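> Give the three-dimensional model of this entry:
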Amino acid sequence: MTSGPDARRRRRLAWALLALSLGAVVAGLAAGSDGWSLSALWQLGTSPDGELILGRIRAPRSIGAWLVGALFGLAGAIAQGLFRNPLADPYLLGSASGASLGVVLVLGVGAFSGHAAGLATATVLARVGLVGAAFIGACVGVTLSLVLARGAQHTVRLLLAGVIVGVVLGAATDMVTTLAPDALRGKQAFLLGSTGFLGWEACGILAAGLMLSAPLAWRHARALDALALGEDSARSLGLSLGRVRVVMVLAISLATGLAVSQAGLVAFVGLVAPHLVRRFAPSSHGFLLLASAGTGGALLLSADVLARSLVAPQELPVGVLTAVLGGGYLLWLLHRRRLA
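Coordinates of the predicted model:
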């Protein structure tokens, strides 16, 4: 049975995540080109332009940033449980390199089609094609990893296949950018991550993906708990490890593919979020998966507010900020363990 102190820690973390997420949404509404200001938010709320700025720009961006972070956090928790490795992240199975290749191929088509046509093509693809290309590329990367590993029967083989696919697709991406240098700038923007183009339509897609992947992962949370005991122990409990791995890989692919397609390659959120949950409220995977999603959402939204406010009116790439903050946290954690 769950002990009292552990249950209280989980409740405190859940309430803290709710408060932090709501506060970050308000901060996101208040963060504009002049920096962060609650008084400016109040003035906007009573002005004729408030509906446009708040309702169509800042609100969907803030909610979308939370949803992207939640998908990354969920995918990271699944990956760490599936591979029994606290350093596993959502990009482990080739989704990141596949998404990058898809984006670069689309940008390369515009670069090869002439200046005028290329501009028109890039305009259309920026609104329609890049998102689809990133999602398809992420799914192709994971599929190639599964094919190379001959399914999901062996964890180590699947892990190595993901590494190989990532290297090969990364090399293909570099080759395309060499042949079409104009695609390099778009690739760089994608690699840095951005929430600036999130609208209500993107929020709907992200919310649908979260509603599909979160219940799917939570339903198999007990299987991840059994895997934590070792594969032999999991088999002795009657688990079909191949089936569990396939379902978990599908959940990782869906969550990561949607998040990457809408916001680019945002670093460290999927890696750090499960670590924070385990630190403040150790628990089984049933709670860990959902809490990691909430933690990832709160982290990315907070980072997005900082990215908009630190050097206003300019804006930092949110992926750079999450990399600095996430990397700093992991270095601090490593230093603390060395001293222990």
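> What helices and strands are in contact with the helix or strand where Gly81 lies?
When elements are assigned from DSSP states H and E, Gly81 belongs to helix 59-83. For helix 59-83, the helices and strands in contact under the criterion 3 or more CB pairs under 8 Å, 6 or more residues apart in numbering; DSSP states H and E are helix 4-30, helix 155-179, helix 200-219, helix 221-227, helix 241-263, helix 269-280, helix 285-309. (Each C-beta comes from the backbone N, C-alpha and C, glycine too.)
> Let me know the pLDDT of the residue nearest to the spatial centre of the chain.
In the chain, the residue lying closest to the centroid (CA atoms, centre = their mean) is Phe72, at 2.9 Å. For Phe72, the model assigns a pLDDT of 94.
> got a list of what it touches?
Residues near Phe72 by CB atoms under 8 Å, 6 or more residues apart in numbering: Pro90, Ala255, Thr256, Ala259, Val266, Val269, Gly270, Ala273, Gly296, Leu300.
> Point out the most buried one among the helices and strands packed on helix 59-83.
Of all the helices and strands packed on helix 59-83, helix 285-309 carries the top mean neighbour count, a mean of 26, counting by mean count of other CB atoms under 10 Å.
> I'd like the next helix or strand past that helix.
For helix 285-309, the succeeding helix or strand toward the C-terminus, using DSSP H and E, is helix 318-339.
> now that following helix and helix 269-280, what's the angle there?
Compare the direction of helix 318-339 with that of helix 269-280 by axes from the mean of the first three to the mean of the last three CA atoms, to 10 degrees and you get 40 degrees.
> Could I get the buried residue list for helix 318-339?
Val318, Gly319, Val320, Leu321, Thr322, Ala323, Leu325, Gly326, Tyr329 (16 or more other CB atoms under 10 Å).
> Could you export these to a markdown table, including columns for distance to Ala7 and pLDDT?
Output for the buried residues of helix 318-339, formatted as a markdown table (distance: CB to CB, whole Å; pLDDT from 0 to 100):
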| residue | distance to Ala7 | pLDDT |
| --- | --- | --- |
| Val318 | 34 | 88 |
| Gly319 | 36 | 85 |
| Val320 | 38 | 86 |
| Leu321 | 34 | 88 |
| Thr322 | 31 | 89 |
| Ala323 | 34 | 86 |
| Leu325 | 30 | 85 |
| Gly326 | 29 | 83 |
| Tyr329 | 26 | 82 |
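> Of the residues you listed, which is the nearest to Gly102?
Proximity of the buried residues of helix 318-339 to Gly102 (CB to CB) peaks at Gly319, which lies at 17.4 Å.
> need the contact list for that closest one.
Gly319 sits in contact with Leu191, Leu192, Gly193, Ser194, Gly264, Leu265, Val266, Ala267, where contact means CB under 8 Å, 6+ apart.
> Apply 7 Å and report the result again.
Contacts for Gly319 (CB atoms under 7 Å, 6 or more residues apart in numbering) come out as Leu192, Gly193, Gly264, Leu265, Val266, Ala267.
> Equivalent analysis for Leu192, please.
By CB under 7 Å, 6+ apart, Leu192 lies in contact with Gly264, Pro317, Gly319, Val320.
> what do you get for Ala291?
The contact partners of Ala291, by CB under 7 Å, 6+ apart, come to Leu13, Ala14, Leu17, Val277, Ala281.
> if I look at the closest residue to the second one other than its chain neighbours, how far off is Ser309?
Ranked by CB to CB, 6 or more residues apart in numbering and with sequence neighbours excluded, the top spatial neighbour of Ala14 is Ala291, at 7.0 Å. As defined by CB to CB, to the nearest Å, Ala291 lies at a distance of 27 Å from Ser309.
> Under the pLDDT cut-off, which ranges of the chain? List them.
1-3, 33, 35-47, 49-50, 109-130, 152-153, 182-183, 185-186, 338-340 (pLDDT under 70).
> My understanding was that Ala70 contacts Gly296; is that so?
Yes: contact criterion CB atoms under 7 Å: Ala70 and Gly296 qualify, at 5.3 Å.
> out of the contacts of Gly319, who has the most neighbours?
Val266 (32 neighbours; other CB atoms under 10 Å).
> That one: what secondary structure?
coil (DSSP: H, G, I helix; E, B strand; the rest coil).
> shouldn't it be in contact with Val318?
Yes: counting by CB under 7 Å, Val266 touches Val318, with 6.4 Å between them.
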